[in-house]
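>>> build me a model from this:
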Amino acid sequence: MSSWVVRRVVVGVVVLLALSACGGESETRALGEEPELEVPAVPTVMVLDASASMLADDAPGVRFEAAQVAVTSLVDALPEEHELGLVVYGTETGTAESELEAGCEDVSVLVELGPLDKADYTSTVDSLEPRGFTPMGKALRTAAAELPGEGERAIVIVSDGEDHCGAAGLGDDPCEVAADLEGITVHTVGFKTAGNTIATEQLDCVAEKTGGLALDAANPAQLEARLPAVLNPEWAASTIQPAGYRGVRPGMTVEEATLAAEAAGEELPEVEATGTVEVVYVDCTLVFEDGVLARVVSDNEDMQTIDGVRVGDDITEAEELYGLADTPSTPTDEGTVVYEVDPDLGTGYEIAYKPKAAGELAGEITQIILCLCLPEPEEVTFDPAVTVASSADLGKLVGASQDFKDLIRETLNELQGQGAWEGCPANSGINVFRYRSDGYALGDDGHCEMETRYLWALRDGVWVALDFQPWPGCDQLREVGWPPEVFGPWECFDESGELVPYTG
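Just a heads-up that it's a prediction; the model follows:
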């Protein structure tokens, strides 16, 4: 089986009912509608993360409640003859350090593999209460033991974080476990894992070792649709998505795209290395600019994204999936919106629609293009640094977003309440040196004796802070997903305490 690792995919509130190519026929229905979800008859075990981190209230709403809705919605849509088991971890211990050893054994088979009893499965999921650690490696082995010894078999992992036990010597590394699984495909769905580099790499590795899909979901609606999609891996591999279309993606050179197409079982026509060149590729047109793939354009009105968004849908559906939660997108008067879908790859969806009125974000979608079309982030260097000693100083952060200013205000109030600058000169406060519009900033607390440095990163709509003296740990940078090139180059302390170049 080919390995399809698809990162940072945003998904919609549809269940996919037929396998199709980019321009092929397909059908979508809302969850709960008849007929039931049509998926390959592959025995599958769901591995559900019920660790304490799933209690975070940022989905929006509680993460685990969103996961419960997504899993039970999937169960409701599946045919009763579908074989689906359930393994969970994290329900029996707390997260105190003294409980880690027991927590690394905290894996339970709650529904044995067999034809679905929808009422029993749903009530079991609804009764769960997350509270413990993440023994993902053991959960994988437990799920594999539930599956038959031959034929197609699958495991689906839904998790918001990384394994806690392998690195502690109290369990197997999930990636190593995945490499040992023979004939079992593991699909992973990372929920709210943006910025958690360790979790992302771990889930990617598990899927890649077994030829499965590695997907992300950033909110409850995305998670609810992503679960049905992983049960249709052939369909998912054939759609247009943030990672590309049938193996190729914007940003690839002609040579890279040719090899990627071959790996996907397709053939890319010859492409000149200079100028603008358009070639037909399956049911889409690829546009190359000076030998680099810049755009993937649908040639068929039936084309849809992996999320189920297609020509003919209303732009509000794309806005729900790809727009920012509290900030409506700004379309052109003619009706075009560009949505960021993978900042790491620099890809976006350029979606054209027929606006009901000039500038209105409502109307029928007429075209969907995957492109290298994200604006370059604006970077501001404050020279000299802006010192925020009171709320009145926030206006000096010209070019910074309001939510970043709010973060600095809250941090300032907290530090002042702790007496952080007692004994320091008047007007001591938080210094901000640099800021980027894509959600990164650099500063320090300006303390007169032992200065603490700060890196701030916007992750999934929330600013997170990394503080350190004088250099960060490499793992700290990876945990917040800090790109090496942002305000770099960086040095960091590795596990042995040695200061080394940070490479991500």
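>>> contacts and neighbour counts: CA atoms only from here.
Fine.
>>> what about the helices in the stretch 401-504 of the chain?
Secondary structure of the stretch 401-504 of the chain by DSSP state H, counting those that start in this stretch: the helices cover 402-417, 474-479.
>>> roughly how far does the residue nearest to residue 330 when sequence neighbours are not counted sit from residue 69?
With C-alpha to C-alpha, 6 or more residues apart in numbering as the measure, residue 337 is the residue that lies nearest to residue 330, at 6.9 Å, once sequence neighbours are left out. Here the criterion is C-alpha to C-alpha, to the nearest Å. By it, residue 337 lies 30 Å from residue 69.
>>> the more surrounded of the two?
Taking other C-alpha atoms under 10 Å, residue 337 and residue 69 do not tie; residue 337 has more neighbours (22 against 18).
>>> SS state for the more buried one?
strand (DSSP: H, G, I helix; E, B strand; the rest coil).
>>> same check on residue 367?
Using three-state DSSP as the criterion, the local structure at residue 367 reads strand.
>>> test my guess that it contacts residue 338.
No - distance between residue 367 and residue 338: 11.8 Å, which falls outside the contact criterion (C-alpha atoms under 8 Å).
>>> common neighbours of those two, please.
Contact criterion C-alpha atoms under 8 Å, 6 or more residues apart in numbering; residues bridging residue 367 and residue 338 by contacting each: residue 351.
>>> ok, the nearest residue to residue 436 once chain neighbours are set aside - contacts?
Spatial nearest neighbour of residue 436, excluding adjacent residues (C-alpha to C-alpha, 6+ apart): residue 379 at 4.3 Å. When the contact criterion is C-alpha under 8 Å, 6+ apart, the partners of residue 379 are 434-437.
>>> for those, pick the one with the most neighbours.
Across those, neighbour numbers were computed from other C-alpha under 10 Å; residue 435 holds the maximum, 26 neighbours.
>>> start and end of stretch 280-291, how far apart?
Span of stretch 280-291 from end to end, C-alpha to C-alpha: 15 Å.
>>> now do it: distance to the chain's middle.
Between the centre of stretch 280-291 and the centre of its chain there are 27 Å (C-alpha atoms, centre = their mean, to the nearest Å).
>>> now the helices for this protein?
Taking DSSP state H as the criterion, the chain carries its helices at 63-77, 100-103, 118-126, 136-146, 174-180, 197-210, 220-230, 233-238, 254-263, 315-322, 402-417, 474-479.
>>> what is the mean pLDDT for stretch 487-501?
Predicted confidence along stretch 487-501 averages 89 (mean pLDDT).
>>> err, stretch 222-231, not the other one
In this model, stretch 222-231 has a mean pLDDT of 85.
>>> who does residue 430 form a beta bridge with?
Per DSSP bridges, the residues bridged to residue 430 are residue 388.
>>> quick one: it from residue 459, how far?
For residue 430, the distance to residue 459 - C-alpha to C-alpha - is 21 Å.
>>> over to residue 255?
Using C-alpha to C-alpha, one gets 34 Å for the distance from residue 255 to residue 459.
>>> next one: residue 173
Where residue 459 is concerned, residue 173 sits at a distance of 26 Å (C-alpha to C-alpha).
>>> can you check residue 171 too?
Applying C-alpha to C-alpha, one obtains 29 Å for the distance of residue 171 from residue 459.
>>> what sits against residue 471?
Applying C-alpha under 8 Å, 6+ apart, one finds that residue 471 lies in contact with 491-493.
>>> tell me which helix or strand of the chain sits lowest on mean pLDDT?
Sorting the helices and strands of the chain by mean pLDDT, DSSP states H and E puts strand 15-16 at the bottom, at a mean of 32.
>>> the closest residue to residue 94 other than its chain neighbours bridge partners, please.
Nearest residue to residue 94 in three dimensions, chain neighbours excluded: residue 132, at 4.6 Å (C-alpha to C-alpha, 6+ apart). Taking DSSP bridges, one obtains residue 51 as the residues bridged to residue 132.
>>> residue 499 now?
When bridges are taken as DSSP bridges, the partners of residue 499 come out as residue 493.
>>> what about it, how many neighbours?
By the other C-alpha under 10 Å criterion, the neighbourhood of residue 499 contains 15 residues.
>>> surely residue 113 is in contact with residue 147?
Yes - between residue 113 and residue 147 there is a contact at 7.1 Å, judged by C-alpha under 8 Å.
>>> between these two, which contacts overlap?
Overlap between the neighbourhoods of residue 113 and residue 147 consists of 43-45, taking contacts as C-alpha under 8 Å, 6+ apart.
>>> just the buried ones from these, in PyMOL syntax?
If you want just the buried ones from the shared contacts of residue 113 and residue 147 in PyMOL, going by 16 or more other C-alpha atoms under 10 Å, the selection is:
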select buried, resi 43+44+45
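>>> which of the shared contacts of residue 113 and residue 147 lies closest to residue 401?
residue 45 (44.0 Å; C-alpha to C-alpha).
>>> deepest of the helices of the chain, which one?
Most buried of those, by mean neighbour count (mean count of other C-alpha atoms under 10 Å): helix 220-230, with a mean of 25.
>>> what's that helix packed up against?
Of the remaining helices and strands, those touching helix 220-230 by 3 or more C-alpha pairs under 8 Å, 6 or more residues apart in numbering; DSSP states H and E are strand 15-16, helix 63-77, strand 184-191, strand 214-217, helix 233-238.
>>> burial count for the closest residue to residue 448 other than its chain neighbours?
The shortest distance from residue 448 to any non-neighbouring residue, by C-alpha to C-alpha, 6+ apart, is to residue 424 (5.5 Å). A total of 13 residues lie near residue 424 under the criterion other C-alpha under 10 Å.
>>> phi, psi for residue 424 please.
In this entry, residue 424 is assigned phi and psi values of phi -90, psi 160 (degrees, to the nearest 10).
>>> okay, it and residue 418: tell me how far apart.
Between residue 424 and residue 418 the computed distance is 14 Å (C-alpha to C-alpha).
>>> picking that back up, tell me which of residue 173 and residue 459 has more neighbours.
residue 173 (21 against 17).
>>> dump the residue contacts of that one.
With contact taken as C-alpha under 8 Å, 6+ apart, residue 173 is in contact with 136-137, 163, 165-167.
>>> repeat for residue 363
Taking C-alpha under 8 Å, 6+ apart as the contact definition, residue 363 lies against 314-316, 353-356.
>>> now with 10 Å, please.
Neighbour list for residue 363: 312-316, 335, 352-357 [criterion: C-alpha atoms under 10 Å, 6 or more residues apart in numbering].
>>> bridged to it, which residues?
Under the criterion DSSP bridges, residue 363 forms beta bridges with residue 355.
>>> related to what we said a few turns ago, got the contacts of residue 173 as CSV, with distance to residue 247 columns?
As requested, the contacts of residue 173 are exported to CSV (distance: C-alpha to C-alpha, whole Å):
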residue, distance to residue 247
136, 29
137, 29
163, 30
165, 34
166, 33
167, 33
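>>> between those, which is nearest residue 177?
Nearest to residue 177 among the contacts of residue 173, counting by C-alpha to C-alpha, is residue 137 at 6.2 Å.
>>> which non-adjacent residue is nearest residue 472?
Nearest non-adjacent residue to residue 472, counting by C-alpha to C-alpha, 6+ apart: residue 492, 5.2 Å away.
>>> gap between stretch 267-275 and the chain center?
32 Å.
>>> okay, residue 43 and residue 230: tell me how far apart.
Noted for residue 43: a distance of 13 Å to residue 230, by C-alpha to C-alpha.
>>> which residues does residue 404 contact?
When contacts are counted by C-alpha under 10 Å, 6+ apart, residue 404 touches 394, 397, 410, 435, 439-441, 456-458, 462-463.
>>> what number of residues lie near the residue nearest to residue 444 when sequence neighbours are not counted?
The shortest distance from residue 444 to any non-neighbouring residue, by C-alpha to C-alpha, 6+ apart, is to residue 453 (4.0 Å). Counted with other C-alpha under 10 Å, the burial measure for residue 453 works out to 21 neighbours.
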